[in-house]
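> What would the 3D arrangement of this be:
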Amino acid sequence: MNRRQFLASAGLAGTTILAGCGSLSSQSTRAPPLVENRPDATYRPTHAEGMGMAGMAQAGEYMVGLSYSFPHRFWTVTGTTAEKVDIRSKDSVHLMATVWDPETEMVLPVSAGLSITVERDGETVADKSPWPMISQNMGFHYGDNYALDGDGVYQLSVRVNGMGERRLGALEGRFNEAGEATVEFDFAQGTRDQLSFEEFPDAQGERAAVDLMNMDMVPTSQVPEVSALPGTVLGTDKGSDGVYAVTWLQDAAFLADGESYLAVSARTPYNRVPLPMMSLDGTVDADGETVFQDALTAAVHPEIGYHYGAIVETTAQEPSVGVEIVAPPQVSRHEGYETAFLTTPSFSFSGG
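Numbering: from 1, shown residues only. Here you go, the predicted model:
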């Protein structure tokens, strides 16, 4: 199984972030049994775990926030199939990395991925690339379970690859190059065991989601409210439980004369976590003719967030738009998302 893994860290060890509300217990690395008859949609998981900050580092133009929790079960995705990854007895932590732009504080899903080498006393403990992941309380991040060699100080060498996504607005021309950093992570199992572990016996399986964590030192990976999207919002629709908002921009600074911009913002319900690494096709009809029919490009813009878009040669104010999901988000999922966002729906939005 191919893996894309990551983590890193510096001197913020000991900071604990709580997971939300529920019945609290602690010192557990064993997840409760999965909900029976899980819906093919977002659902409230059996439990939510707290998170400890391992540190932050600047890696080239990127900022990286590094955190850890108990080892997690999670699901990798290939095409439209999710495959469960169980917790191994040797796993010590679930390591997580969030990457963002320090100027706009926008979280950046980098499809080219990350890598990390974990060393201790000059010996390599782990060398793998993490999975891009979505989690109800941790949002979009890169993570995996790691087997560490007991308590102690670990050197974590991180490489964040350059972005292949289109960068627009204040992000244009940035993040072309990879960034690297080496930090230290002082791991103690006793500290890990003090993280919160909350179970939801009466609410698990409901069509709902755990709230995103409030992380003072790390931005939250959310896309804007639909009402806050720039341009003219042509509509929203829901398919495979993902929420898709389509907006049409005509006066953006990155557009030339005679051009407009189609943007499709895909997000989870409840928490507005972006759904990255999808394949989408789009069609734009204006004045009785098709003016665009092609793949949409993954892109980032400070006001639109992570989205899929295309520059279209038309000045039509409210065209008719068709969107086809060719492949669902190729990101791993924590519990509560593993049965959602796995099909390939199509939508249409009629302009004025």
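> can you give me the strands in the stretch 101-250 of the chain?
Ranges of strands in the stretch 101-250 of the chain, per DSSP state E, counting those that start in this stretch, are 114-120, 123-128, 131-135, 139-146, 152-160, 166-167, 179-187, 196-199, 232-239, 242-249.
> looking at those, which is closest to residue 89?
strand 139-146 (11.0 Å; C-beta to C-beta). Just so you know, the C-beta spots here come from the backbone N, C-alpha and C atoms, and that holds for glycine as well.
> how far out from the middle of the chain is that closest one?
9 Å (C-alpha atoms, centre = their mean, to the nearest Å).
> likewise stretch 102-122?
13 Å.
> Can you add mean pLDDT and give the strands of the stretch 101-250 of the chain back as a markdown table?
Converted to a markdown table, these look like this (pLDDT from 0 to 100):
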| stretch | mean pLDDT |
| --- | --- |
| strand 114-120 | 91 |
| strand 123-128 | 95 |
| strand 131-135 | 98 |
| strand 139-146 | 96 |
| strand 152-160 | 91 |
| strand 166-167 | 98 |
| strand 179-187 | 92 |
| strand 196-199 | 94 |
| strand 232-239 | 96 |
| strand 242-249 | 98 |
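> could you dump these to a markdown table with distance to residue 218?
Below are the strands of the stretch 101-250 of the chain laid out as a markdown table (distance: least, C-beta to C-beta, whole Å):
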| stretch | distance to residue 218 |
| --- | --- |
| strand 114-120 | 15 |
| strand 123-128 | 22 |
| strand 131-135 | 13 |
| strand 139-146 | 9 |
| strand 152-160 | 15 |
| strand 166-167 | 21 |
| strand 179-187 | 15 |
| strand 196-199 | 17 |
| strand 232-239 | 28 |
| strand 242-249 | 24 |
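> if I've got this straight, residue 68 is in a helix?
No: checked against DSSP: H, G, I helix; E, B strand; the rest coil, residue 68 lies outside a helix; its state is strand.
> these two touch, right, it and residue 50?
No: with contact defined as C-beta atoms under 8 Å, residue 68 does not count as touching residue 50 (10.3 Å).
> Between these two, which is the more surrounded one?
Higher neighbour count among residue 68 and residue 50: residue 68, with 25 against 21, using other C-beta atoms under 10 Å.
> Can you report phi and psi for the residue lying closest to that one once chain neighbours are set aside?
Leaving aside its sequence neighbours, residue 68 sits nearest to residue 93 (C-beta to C-beta, 6 or more residues apart in numbering; 4.4 Å). Main-chain dihedrals, residue 93, degrees, to the nearest 10: phi -150, psi 160.
> low pLDDT regions in this structure?
For the chain, residues meeting the criterion pLDDT under 70 lie at 1-30, 352.
> From the centroid of it, which residue is nearest?
Among the residues of the chain, the one closest to the centroid is residue 140, at 2.2 Å (C-alpha atoms, centre = their mean).
> what are the bridge partners for that residue, then?
Beta-bridge partners for residue 140, by DSSP bridges, are residue 134.
> What's the separation between it and residue 350?
Separation of residue 140 from residue 350 (C-beta to C-beta, to the nearest Å): 31 Å.
> Residue 124 now?
Distance from residue 124 to residue 350, by C-beta to C-beta: 57 Å.
> Of the strands of the stretch 101-250 of the chain, give the one that comes closest to residue 99.
Comparing these under C-beta to C-beta, the one sitting nearest is strand 152-160, at 5.7 Å.
> Next, count neighbours for the nearest residue to residue 124 once chain neighbours are set aside.
Nearest residue to residue 124, sequence neighbours excluded (C-beta to C-beta, 6+ apart): residue 117, at 6.3 Å. Per other C-beta under 10 Å, the neighbour tally for residue 117 reads 16.
> for the one 10 residues further on, same thing?
Using other C-beta under 10 Å, residue 127 has 12 neighbouring residues.
> ditto for the one 5 residues further on
By the measure other C-beta under 10 Å, the count of residues near residue 132 is 24.
> mind listing what residue 153 touches?
By C-beta atoms under 8 Å, 6 or more residues apart in numbering, the contact set of residue 153 is 120, 184-187.
> mind redoing it with 7 Å?
184, 186 (C-beta atoms under 7 Å, 6 or more residues apart in numbering).
> Same check on residue 174?
Counting by C-beta under 7 Å, 6+ apart, residue 174 touches 61, 167.
> if you set the cut-off to 8 Å instead, what comes out?
61, 101, 167.
> Against residue 296, how distant is the last one?
Going back to what we said before, that points to residue 167. In terms of C-beta to C-beta, residue 167 sits 15 Å off from residue 296.
> Equivalent analysis for residue 243, please.
16 Å.
> And the two? Which one has more around it.
Legend: neighbour count by other C-beta under 10 Å for residue 243 and residue 296, higher for residue 296 (21 against 18).
> does the closest residue to the more buried one other than its chain neighbours sit in a helix, a strand or a coil?
Closest residue to residue 296 apart from its sequence neighbours, by C-beta to C-beta, 6+ apart: residue 308 at 3.9 Å. Counting by three-state DSSP, the backbone at residue 308 sits in strand.
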